[in-house]
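Undergrad: Model the structure of this input:
(4 chains)
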Number of protein chains: 2
Amino acid sequence: MRDMPDPVPELEPAAAELMLAVGQLSRRIRSESAPHALSLSQASVLARLERKTGLSTADLARAEAMKPQSMGKILVDLERAGLVERHPHPSDRRQFLYRLTRRGTQMRQRGSALSRSWMIDAIARLDVCDRKRLIESLPVIRLVAES
Amino acid sequence: MRDMPDPVPELEPAAAELMLAVGQLSRRIRSESAPHALSLSQASVLARLERKTGLSTADLARAEAMKPQSMGKILVDLERAGLVERHPHPSDRRQFLYRLTRRGTQMRQRGSALSRSWMIDAIARLDVCDRKRLIESLPVIRLVAES
DNA sequence: TATTGTTATACTCTATAACTATA
DNA sequence: TATAGTTATAGAGTATAACAATA
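TA: Residues are numbered from 1 along each chain as shown, chains lettered A, B, ... in the order given. Purely as a prediction, here's the structure:
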């Protein structure tokens, strides 16, 4: 007998805090980003193609929780920047499959570490416990994002 | 004698991961947000005014790492929605100080919990350890965002 | 009929530039 | 001269709508 459907009410403040924290950090990231740096979405696509190559526009759009039209624009920009290349799907002539170019792989490796320097400094200034907390939470945040 | 200025190089992957995680979660939040829900910035301003009332446009802009013109628009929208009200500064006739209305306080309390329900569910599905990791990391993320 | 991708258009959020009023 | 706020304009990022090609 469930009097209230109310599901784990004590998690509501945590969710609210998480939304605020993510909002503040993403604004801070944007305000610090260099003029021609990759956007968060572009970097996310490169990371995904490094983990699994040969994904289509629709695959990537689903994975990034974004419309195919929006992903299309991101991929056009990445291709023009020489970071990804596209090839026709072997059997389905509607699709194109994307993979990293050599330049895209290099970009993933040395990254645009420059535009993250402020964040590296901020993490370095944390005490050991907080740094541990932050690093351990990263896979959890992705779990929530992909849930 | 410092051969290399290189500051804690092993933190670079953590920073890269944090940027990707924040990017994915903020896109997920946007894609789940209800049509007329508050934006992350609007919610952040309400939270800040709850903690400390009587802040000006410039105060809030600095706190949220945003230009005063951008904050001005956010405050106009919040005022039109009846969530904040502004009053002239007692001595400086250039400034206006903002505070939550009753409706704004209510919005903070019950929040737009509706638009967070997917996130609450996602957190509820985490195992106990991951949930603990997530919750403990939230103040640390804000430290980084405000650093 | 459903899906992939494209093109055109519009909306949200934030930034830059130029201005007025006050300190 | 510096700061607070306003107005106008522009850019990035993503969405919706309408379409063609293929499955």
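Undergrad: Next one: the residue nearest to A:R125 when sequence neighbours are not counted from B:V140, what distance?
TA: Among residues not flanking A:R125 along the chain, B:S147 sits closest, at 6.6 Å (CB to CB, 6 or more residues apart in numbering or on different chains). In short, each C-beta sits where N, CA and C put it, glycine included. Separation of B:S147 from B:V140 (CB to CB, to the nearest Å): 11 Å.
Undergrad: Over to A:R28?
TA: 14 Å.
Undergrad: Let's see the pLDDT reported for the residue nearest the centre of chain A.
TA: Nearest residue to the geometric centre of chain A (CA atoms, centre = their mean): A:S44, 3.5 Å. pLDDT, A:S44: 96.
Undergrad: my guess is it meets B:A21, correct?
TA: No: here A:S44 lies out of contact with B:A21, judged by CB atoms under 8 Å, at a distance of 9.6 Å.
Undergrad: which residues are in contact with both of the two?
TA: Taking CB atoms under 8 Å, 6 or more residues apart in numbering or on different chains as the contact rule, A:S44 and B:A21 have no neighbour in common.
Undergrad: so who does A:R116 touch?
TA: A:R116 sits next to B:E12, B:A15, B:A16, B:M19 when contact means CB under 8 Å, 6+ apart.
Undergrad: ditto for A:M107
TA: A:M107 neighbours (CB under 8 Å, 6+ apart): A:L38, A:L46, A:L83.
Undergrad: I'd like to know how far it sits from DNA strand C.
TA: A:M107 is 22 Å from DNA strand C, where distance means CB to the nearest atom of the strand, to the nearest Å.
Undergrad: How about A:A47?
TA: A:A47 is 19 Å from DNA strand C, by CB to the nearest atom of the strand.
Undergrad: Which residue lies closest in space to A:S41, excluding its sequence neighbours?
TA: A:I74 (5.6 Å).
Undergrad: ok, now A:S26?
TA: B:S26 (4.5 Å).
Undergrad: for A:G82, same thing?
TA: Distance criterion CB to CB, 6+ apart; nearest residue to A:G82, sequence neighbours excluded, is A:R103 at 5.0 Å.
Undergrad: where's the one you found, which helix or strand?
TA: Element membership for A:R103, per DSSP states H and E: helix A:102-110.
Undergrad: got the domain boundaries for chain A?
TA: Residue ranges for each domain of chain A read A:37-111, A:112-147, as given by automatic domain parsing.
Undergrad: Quick one, which of those domains gets closest to DNA strand D.
TA: Taking CB to the nearest atom of the strand, domain A:37-111 is the member of those nearest to DNA strand D, at 2.7 Å.
Undergrad: I'm done for today, thanks for sticking with me.
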